[in-house]
Structure formats: C-alpha cells, structure tokens
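Participant: Dropping a prediction and its sequence here:
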Amino acid sequence: MKLPKDRRSFVVEVPQGEFYHDGGPILVHYNDINLLLTCGWLDISILTIFTMHLSKLCSTMEQNFCAFLDPGCINEASLDMAPKQAIDYMCSALLQSQAQEKPFVLAPVFQDKHWIFFFFCPRKNSVFVMDPNQPKDNKTNYKIMKYYKRVFLKYTKEGGPHAKELNLKIHWRMLKCQQQYLGWECGYYVMKFMHSFVTRHQKTFPKNFPSPGVAPLPMDQLHEIRGMWARVFMDEHFK
C-alpha cells in the first residue's frame with residue numbers, strides 16, 4: 001500500500017488510560033513509516049504505536065499479566081529534561097498496574113540512539129533487561145536505572161501492592177538474548193522480544209524461559225516481525 005503524497009505526517013491518538021496517563025496525540029512522519037516498510041531505522045513514534053497495539057492484543061487474551069509504559073515518557077530525553085515528571089509517571093503506572101494484578105510492566109527504552117527492552121516486576125524487586133547490543137563487560141549503564149531507584153522508593157512509600165514485603169534492593173537481571181549484527185536492527189529485535197514475551201512466555205516466566213543464545217536473529221525472523229507489524233500498522237491507520 002502506498003502512502004498519500006499530499007501530506008508529510010499524521011496524528012495517532014493514544015486513548016486515555018492506555019499507558020496509565022491521560023493519552024494524547026503522537027505525530028507520525030511518513031518518512032518513519034517508509035523506514036518501517038523498507039527495514040530501516042525505527043523512530044520512537046513507531047515503537048510507541050507498536051506498544052499500544054501490543055497492549056490491545058493483551059486485552060483480548062483470557063489471561064494477561066502485562067502492562068505497558070509509554071516509551072515517550074521514559075526515554076533518555078524525558079529523563080534528562082523532566083526527571084520528576086518521568087518518575088511520577090512511572091510510579092503512578094506501577095501503582096495502577098500492580099493493583100490490577102499485572103506483575104510485568106513492559107517498555108521499549110530509547111537511550112544513546114539504541115532500543116532496549118525492559119520489563120519491571122515491582123512485587124519481586126526485579127527489573128529484567130534484554131539488550132540486543134549488550135556490552136561485552138555486561139555492565140548495566142542504563143540511565144533509567146538511576147531513576148528507577150527513586151521510582152521504586154516512591155512506590156513503596158505510597159503503599160504499592162506487596163510494598164511491605166519488599167526491601168529496597170533492586171535486582172537488575174540481564175537476560176541472554178540474540179545480538180544485532182548492524183546498527184539499525186535494534187528496534188526490530190525489541191519488537192520481537194516484546195511480542196514473544198507477551199504471546200508465549202508471560203504466563204510461565206521465569207520458568208521455562210528459553211535461552212536462545214547470542215547469535216543474530218535470522219533475517220527471515222527479523223523480516224517476519226517487521227512485515228507483521230507493518231501490515232497491522234497500515235491496515236489500522238490507512239484503511
């Protein structure tokens with residue numbers, strides 16, 4: 001399907017409550033859609049809308065244990081420019097999601113021009129990380145780590161579910177995952193990781209969680225997730 005030639009961008013509305021906030025518009029540039037369609041770099045608008053659709057998919061499941069954060073509210077720029085707002089948002093989302101008995105809070109996080117998959121499990125004091133370009137020294141120098149400590153402290157002070165049973169030590173767990181071969185692939189890897197977790201592993205995690213090794217994703221699998229999401233995106237927004 002071809003994109004209209006008379007416009008350069010359009011707006012997608014995030015419904016109120018979708019990401020545990022008031023919702024609002026996402027500006028999507030046609031160039032970013034073209035990059036998705038041609039296996040190029042993925043912009044934050046594309047990953048945000050993907051996350052929104054993944055949340056909708058979860059809402060159709062008989063059992064769902066996943067909640068989702070808005071990537072635009074917790075990316076590197078948001079943490080730098082409005083840290084208090086980001087911390088308040090994350091804490092509010094954790095409080096609401098845990099009250100709904102959704103133990104996993106998922107988010108694609110953008111830092112240093114790179115996408116990483118985080119899923120937070122506040123009732124277990126744990127954060128799991130799947131980084132398709134994991135540092136060889138295995139150090140977890142992610143900016144969100146510093147801020148999440150403040151989020152978790154606020155969460156316990158405000159009486160989050162299971163908070164009285166917790167101590168304040170957060171366990172950061174790097175999960176072995178496939179490693180990208182080129183610089184543009186990280187967004188597709190993160191989409192693959194998120195989709196697999198939601199559709200295959202959320203009910204049994206961490207038991208029976210596969211360790212696929214660190215070899216790059218076969219290109220047919222990368223194109224499969226790209227093609228699947230591109231079709232959903234085009235069908236939903238260009239009917």
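Facilitator: Structure's in. What do you need?

Participant: For the rest of this, base every contact and every neighbour count on C-alpha atoms.
Facilitator: Fine.

Participant: Let me see the contact set for Asn31.
Facilitator: Arg8 (C-alpha atoms under 8 Å, 6 or more residues apart in numbering).

Participant: Check the gap between it and Gly213 for me.
Facilitator: Applying C-alpha to C-alpha, to the nearest Å, one obtains 34 Å for the distance of Asn31 from Gly213.

Participant: go on, Glu224?
Facilitator: From Glu224 over to Gly213 the distance is 19 Å, taken as C-alpha to C-alpha.

Participant: Gly40 now?
Facilitator: Note on Gly40: its distance to Gly213, by C-alpha to C-alpha, is 25 Å.

Participant: Same question for Gly24.
Facilitator: Distance of Gly24 to Gly213, computed by C-alpha to C-alpha: 39 Å.

Participant: What of Cys91?
Facilitator: For Cys91, the distance to Gly213 under the criterion C-alpha to C-alpha works out to 33 Å.

Participant: what's across from Ser9 in the sheet?
Facilitator: Beta-bridge pairing of Ser9, defined through DSSP bridges, involves His29.

Participant: Please verify my assumption that it contacts Val28.
Facilitator: Yes - applying C-alpha atoms under 8 Å as the test, Ser9 and Val28 come out as touching, 5.4 Å apart.

Participant: Between the two, tell me which one has more neighbours.
Facilitator: Shown here are Ser9 and Val28; by other C-alpha atoms under 10 Å, Val28 has more neighbours (18 against 13).

Participant: OK, contacts around that one?
Facilitator: Under the criterion of C-alpha under 8 Å, 6+ apart, the neighbours of Val28 are Ser9, Phe10, Val11, Val12, Ser45, Ile46.

Participant: try 10 Å
Facilitator: For Val28, the contacting residues are Arg8, Ser9, Phe10, Val11, Val12, Asp43, Ile44, Ser45, Ile46, Ile49, taking C-alpha atoms under 10 Å, 6 or more residues apart in numbering as the criterion.

Participant: got the residues you listed as TSV, with distance to Pro218 and pLDDT columns?
Facilitator: Formatted as TSV, the contacts of Val28 follow (distance: C-alpha to C-alpha, whole Å; pLDDT from 0 to 100):
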residue	distance to Pro218	pLDDT
Arg8	33	84
Ser9	32	87
Phe10	33	87
Val11	33	91
Val12	32	92
Asp43	22	95
Ile44	24	95
Ser45	25	95
Ile46	22	96
Ile49	25	95
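
Participant: May I ask which two of those are separated the most?
Facilitator: Farthest pair in the contacts of Val28 (C-alpha to C-alpha) is Arg8 and Ile49. Separation: 17.7 Å.

Participant: of the two, who's got more company?
Facilitator: A direct count of neighbours by other C-alpha under 10 Å for Arg8 and Ile49 places Ile49 higher, at 19 against 11.

Participant: sec struct for the more buried one, please.
Facilitator: Here Ile49 takes the helix state, with states given by DSSP: H, G, I helix; E, B strand; the rest coil.

Participant: ok, residues contacting the lengthiest helix in the chain?
Facilitator: Longest helix of the chain, by residue count under DSSP state H: helix 219-237. Among residues not part of helix 219-237, those counted as contacts by C-alpha under 10 Å, 6+ apart are 1-3, 10-12, 33-34, 36-40, 46, 49-50, 53, 185, 187-189, 191-192, 195, 216-218, 238-239.
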